[in-house]
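Peer 1: Sequence and predicted structure, then a few things I'm wondering about:
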Amino acid sequence: MSLKLYPRRESVRKDGLPHFFCPGCGCGQVLNFFLRACDELGMKTEDMTCIGGVGCAARIPIYLSTDALHGIHGRTMPWATGIKMTRPDMPVVVFAGDGDALSIGGNHFIHAARRNVDVTVIVVNNLNFAMTGGQVAPTTPLTATTMTTPYGSSEPPFDLCKMAETSGATYVSRWTTAHGIQAIRAIKTAMQHTGFSVVEIISQCPTHYGRYALGSGSPEKSVEWIKEQSIPRTRAEKMDPEETALNFVIGEFVNTQRPVFWGSTIYDGAEE
Amino acid sequence: MKPLKIRFCGFGGQGIILSAITLGTALVTKKGYYAVQTQSYGSEARGGQCQAELIVADEEIKSPSSDEKDILVAMSQSALDRYIGDLKKGGILIIDSALVTEIPDVDAEIIQVPATETAVALGNRIAANMVLLGFVQQATGIISKDDLLSAVEDLVKPQFMDLNTRAIEAGIELAADVSLEVTV
Amino acid sequence: MASDGSNPQGRVLSGVHFMLGNYATAEGALAGGCDFFAGYPITPANEISERMSHRLPEVGGTFIQGEDELFSIYAVTGASLAGAKAMTATASAGFNHFQEGIGYAVAVEAPCVIVDVQRCRGENFATQADVMQMRWGTDGDYEIIVLAPSSIQELFDYTARAFNLAEEYRTPVIVMSETTISLMRERLDVPSADEIAVVNRRYTDLSPGEYKPFAAPEYGVPDFAPLGKGYNTIYSINPHDEEGSIDWDPDVYERMYDRLTGKIAKHRDVICQPRSYAVDDADIVLIAYGSEVRPALDAVEMAREDGIAAGLLKLDAVWPVPEEQIAAAMSKAKAVIAVEMNIGKYANEIERISAGRVPVHRCTKNRGIIHSPEEIYRSIKEVWK
Ligand SMILES: Cc1ncc(C[n+]2csc(CCOP(=O)(O)OP(=O)(O)O)c2C)c(N)n1
């Protein structure tokens, strides 16, 4: 299979480039995955509203030809809810860093999942707070060294997918920047899904996480490490959870249907 | 014309606030008067005591608080003791005779109404506030019986309408020989 | 009326009511076109949410109780950018949480209405202590509109007007409520729907190619473009140029904040419509806002009866400060008294305008309860001595 380069070049803002991502950052890949998914679905970014909070990943929407909300840390879910309630006809996609989605925005995230708001959330999990210089995040693996865990992190991380699932998300999957084809397929499924859909993409941050936690600023090394740490869900399920504690379990975890939230007005599963 | 100031007081659950709201609703929406109703809130209302104030006038009311009440309706001894000081000299004090036994020595026209007894006889002591409202209606004439009943209908659940109507009518009967000088 | 200009049955409850202040706030919002409300429980603002949860679905609007006040304010700005006329309400503690979102709404010029029913730090007693936070609570440079109703009628009227001001100036508008009036019942006259002026969202006539989201005509307020229709607008809090691009440029930044603050500051005389009572020949001019206007008016009458020439300037909008009108009201006075239910805050603004020309006295009360007329009259007599 031959992959075209930027199949929807016109979906990137003319005045947007050059982008501000570091060389080898995974955010550019995720942007690419998203545009490929849109292209394959025949969806135009212009017909959507894309939301980014604050952070590196949160900048993805501002490079797209789309209406975008940006610049506030952690409030993507309330924005998305307000917009979706007002414009049920329009696709709403959220791009968030792991810090944005789970640290400052953690409470909003679980409630949006609980309500089953009909939006797609793409969480770019680079395992640290990248934009602010590589501090510990709620997803940083135990013992990892970051700018604010010089002795190694003493906090166990969140499993974003498990949290999304228990909170009530109706589509949940995790892939990595080393699994482009699967990630694109997951984004497509999420975009077509009715209800709260979450795609977590484990992504490399060579500048910070690579250098501090992995001992190398090389993007290739970071991606290689991510690939080595990844095990498919089907295999992980047959293993002792303790064995896989430090791995990234990849695959689809939830794909189900239940009534979608439309505010107090028309809470009715049939209203689709 | 001078605004008329009424305070209802007692303990929580007696419908003290509802009394003030009902009378206010009748005077405003049926007769076109201006009225302001306030009540205790926050930790002020702790300890079970409850009071609601109603000011009625034929023009817009400025200050929503007043120190001297023209009428005090008391449905508990402790509330009466607490609020009696705000009744103006020569004002009207209406008390529920079953609940207020120590009658203060004040310069006021004091009227004892067996409101709770009457309500109990009607089948539910909770209607004592409506007995008192019926009494106030008849004794003061500030509102007609029909307007009062119509306000009650606007405010309370239909299933309580029958009890409330009978309570108001009983209160009116208790006031058959009472006439209080009140103007709005 | 609804934001699409229609008037679904029951949106405006025309007639005479004896209504709770918080309910009147909700009814004013509906009359002003509100079709989206998000809130989080807090006393003494609860009856606003409760009424909205009941009424909005009746008229085809959306009500949400969110997980916290941050949800409220951002759901409201999101809904606003998507085209809704949106409102949220809280009391002081929750108003702290709103501040972050107010900054966003200011920067991206999202019209919305915010109600703060001020209370005393965890207790539901009356205060006007948040008057400065309404103006200065969020980060960055901005101007904002804050209306201070004094009665149930004004809670209705001002809240409806707040929606119009929000649309006209593309700004959050704060309705400064208080425990005093929010939990009070009073006569409310609701006019018929066609007597209530409603300003609707102004959308651009330009095509996506021609449209610049933050380019404004002379009076400073840009037109909107609908979401998801190819206009590709970035609504970012970050400094942005007329195109919405967020590259840093000190000239662009300065120009943007001149416009953002100017659009409100320059229209002060239209936004603020203070009313004067017996001010023309007054030696002593009282200045009050919110519920404090009411005992102040009684006190002015008491003073006049005793032969003291007192008058009152009643502020309807406290922010922006009606500087010209305050200056005019004090121009012939021998003394000014700032009446407030807090430690004395807005008095500083009045002193600033007086600039030493007229002595500004303070009649403050910070005890969880509104002034009585007698207390204010005592202040007048002291100043008169
Ligand atoms: C209220 C607030 N607090 C803190 C910040 C600073 N800040 C900017 S980005 C960021 C976190 C970035 O981490 P993440 O969300 O994981 O995104 P990434 O940059 O890693 O993609 C923080 C804390 C902010 N902008 N606003």
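Peer 2: All right, it came through fine.
Peer 1: Backbone dihedrals for the residue in the stretch 151-300 of chain C that the ligand sits nearest to, please?
Peer 2: Per Cβ to the nearest ligand atom, residue C:237 is where the stretch 151-300 of chain C lies closest to the ligand, at 9.3 Å. All C-beta atoms are positioned from the backbone trio N, CA, C, and that covers glycine. Torsion angles at residue C:237 (phi, psi; degrees, to the nearest 10) stand at phi -70, psi -20.
Peer 1: Could you do residue C:318 as well?
Peer 2: The phi/psi pair for residue C:318 (degrees, to the nearest 10) is phi -90, psi -30.
Peer 1: tally of neighbours for it?
Peer 2: Residue C:318 has 24 neighbours, counted by other Cβ atoms under 10 Å in any protein chain shown.
Peer 1: Am I right that it is in contact with residue C:174?
Peer 2: No - between residue C:318 and residue C:174 there is no contact under Cβ atoms under 8 Å: 9.5 Å.
Peer 1: joint contacts of these two?
Peer 2: C:134, C:146-147 (Cβ atoms under 8 Å, 6 or more residues apart in numbering or on different chains).
Peer 1: Return the subset of these lying in helices.
Peer 2: Among the shared contacts of residue C:318 and residue C:174, DSSP state H puts residue C:134 in helices.
Peer 1: I'd like to know which of the shared contacts of residue C:318 and residue C:174 is nearest to chain A.
Peer 2: Set against chain A, the nearest of the shared contacts of residue C:318 and residue C:174 by Cβ to the nearest Cβ is residue C:134 (20.4 Å).
Peer 1: so what's the residue lying closest to the closest one once chain neighbours are set aside bridging to?
Peer 2: Nearest residue to residue C:134, sequence neighbours excluded (Cβ to Cβ, 6 or more residues apart in numbering or on different chains): residue C:146, at 4.6 Å. Beta bridges link residue C:146 to residue C:174, residue C:319 when assigned by DSSP bridges.
Peer 1: Residue C:146 reaches residue C:322, doesn't it?
Peer 2: No - at 11.6 Å, residue C:146 does not count as touching residue C:322 under the criterion of Cβ under 8 Å.
Peer 1: which other residues reach the helix or strand where residue C:361 lies?
Peer 2: In the assignment (DSSP states H and E), residue C:361 maps to strand C:360-364. Contacts with strand C:360-364, where a contact means Cβ under 8 Å, 6+ apart, come from C:286, C:335-344, C:347, C:350-351, C:354, C:371, C:375-376, C:379, C:383.
Peer 1: Tell me the buried residues within the residues you listed.
Peer 2: Among those, the ones that count as buried by 16 or more other Cβ atoms under 10 Å in any protein chain shown are C:286, C:335-342, C:347, C:350-351, C:354, C:371, C:376, C:379, C:383.
Peer 1: Let's see which of those end up in strands.
Peer 2: Here DSSP state E is the test, and the buried ones among the contacts of strand C:360-364 give C:286, C:335-340 as lying in strands.
Peer 1: and the most far-flung residue of chain C relative to its centre, what pLDDT?
Peer 2: Distance from the C-alpha centroid of chain C peaks at residue C:385, with 36.6 Å (Cα atoms, centre = their mean). According to the prediction, residue C:385 has pLDDT 87.
Peer 1: Which residues lie in contact with it in this structure?
Peer 2: Contacts here follow Cβ under 8 Å, 6+ apart; on that basis residue C:385 touches nothing.
Peer 1: distance of it from residue C:361?
Peer 2: According to Cβ to Cβ, to the nearest Å, residue C:385 and residue C:361 sit 12 Å apart.
Peer 1: Residue B:85 too?
Peer 2: Distance, residue B:85 to residue C:361, using Cβ to Cβ: 31 Å.
Peer 1: Who has more neighbours out of these two?
Peer 2: More crowded of residue B:85 and residue C:361, by other Cβ under 10 Å: residue C:361, with 18 against 11.
Peer 1: circling back: phi, psi for the closest residue to the residue of the stretch 151-300 of chain C closest to the ligand other than its chain neighbours please.
Peer 2: Excluding the flanking residues, the one nearest residue C:237 by Cβ to Cβ, 6+ apart is residue A:71, at 3.6 Å. Per-residue torsions, residue A:71: phi 110, psi 0 (degrees, to the nearest 10).
Peer 1: do the same with the one 5 residues further on
Peer 2: Backbone torsions for residue A:76, taken as degrees, to the nearest 10, come to phi -60, psi -40.
Peer 1: pretty sure it is touching residue A:52, no?
Peer 2: Yes - between residue A:76 and residue A:52 there is a contact under Cβ under 8 Å: 7.2 Å.
Peer 1: who touches both of these two?
Peer 2: Shared contacts of residue A:76 and residue A:52 (Cβ under 8 Å, 6+ apart): A:58, A:69, A:94-96.
Peer 1: low-scoring stretches of the stretch 151-272 of chain A, by residue?
Peer 2: A:265-272 (pLDDT under 70).
Peer 1: ugh, wrong one, I meant the stretch 1-150 of chain C
Peer 2: C:1-9.
Peer 1: For residue 66, which residues are in contact?
Peer 2: All of this refers to chain A. Counted by Cβ under 8 Å, 6+ apart, residue A:66 has contacts A:11, A:45-46, A:48-50, C:232.
Peer 1: that's the wrong chain, I wanted chain C
Peer 2: Residues near residue C:66 by Cβ under 8 Å, 6+ apart: A:78, A:81, A:111, C:38-40, C:72, C:75.
Peer 1: measure it to the ligand for me?
Peer 2: Using Cβ to the nearest ligand atom, to the nearest Å, residue C:66 is found at 18 Å from the ligand.
Peer 1: and the residue of the stretch 151-300 of chain C closest to the ligand, how many neighbours does it have?
Peer 2: Residues near residue C:237, counting by other Cβ under 10 Å, number 21.
Peer 1: Also residue A:89?
Peer 2: By the criterion of other Cβ under 10 Å, residue A:89 has 7 neighbours.
Peer 1: can you tell me which helix or strand the nearest residue to it once chain neighbours are set aside belongs to?
Peer 2: Excluding the flanking residues, the one nearest residue A:89 by Cβ to Cβ, 6+ apart is residue C:228, at 7.9 Å. Assigned by DSSP H and E, residue C:228 falls within no helix or strand.
Peer 1: right, and residue C:228 touches residue A:68 too?
Peer 2: No - between residue C:228 and residue A:68 there is no contact under Cβ under 8 Å: 11.2 Å.
Peer 1: Please enumerate the shared neighbours of those two.
Peer 2: Shared contacts of residue C:228 and residue A:68, counting by Cβ under 8 Å, 6+ apart, come down to residue A:49.
Peer 1: between those two, which one's more packed in?
Peer 2: residue A:68 (30 against 22).
Peer 1: Now do the same for the more buried one: helix, strand or coil?
Peer 2: Secondary structure assignment for residue A:68 (DSSP: H, G, I helix; E, B strand; the rest coil): strand.
Peer 1: does it really touch residue C:234, like I thought?
Peer 2: Yes - Residue A:68 lies in contact with residue C:234 (Cβ under 8 Å); the separation is 4.7 Å.
Peer 1: what residues do these two have in common as contacts?
Peer 2: Contact criterion Cβ under 8 Å, 6+ apart; residues shared by residue A:68 and residue C:234: A:61-62.
Peer 1: Which ones, among the contacts of strand C:360-364, also lie beside the ligand?
Peer 2: By Cβ under 6 Å from any ligand atom, no member of the contacts of strand C:360-364 lies near the ligand.
Peer 1: Show residues contacting stretch C:243-259.
Peer 2: With Cβ under 8 Å, 6+ apart as the criterion, stretch C:243-259 contacts A:15, A:62, A:70-71, C:141, C:212-214, C:216, C:220, C:233-236, C:238-241.
Peer 1: run the last query once more with 7 Å
Peer 2: With Cβ atoms under 7 Å, 6 or more residues apart in numbering or on different chains as the test, stretch C:243-259 has contacts from A:15, A:62, C:141, C:212-214, C:216, C:220, C:233-234, C:236, C:238-241.
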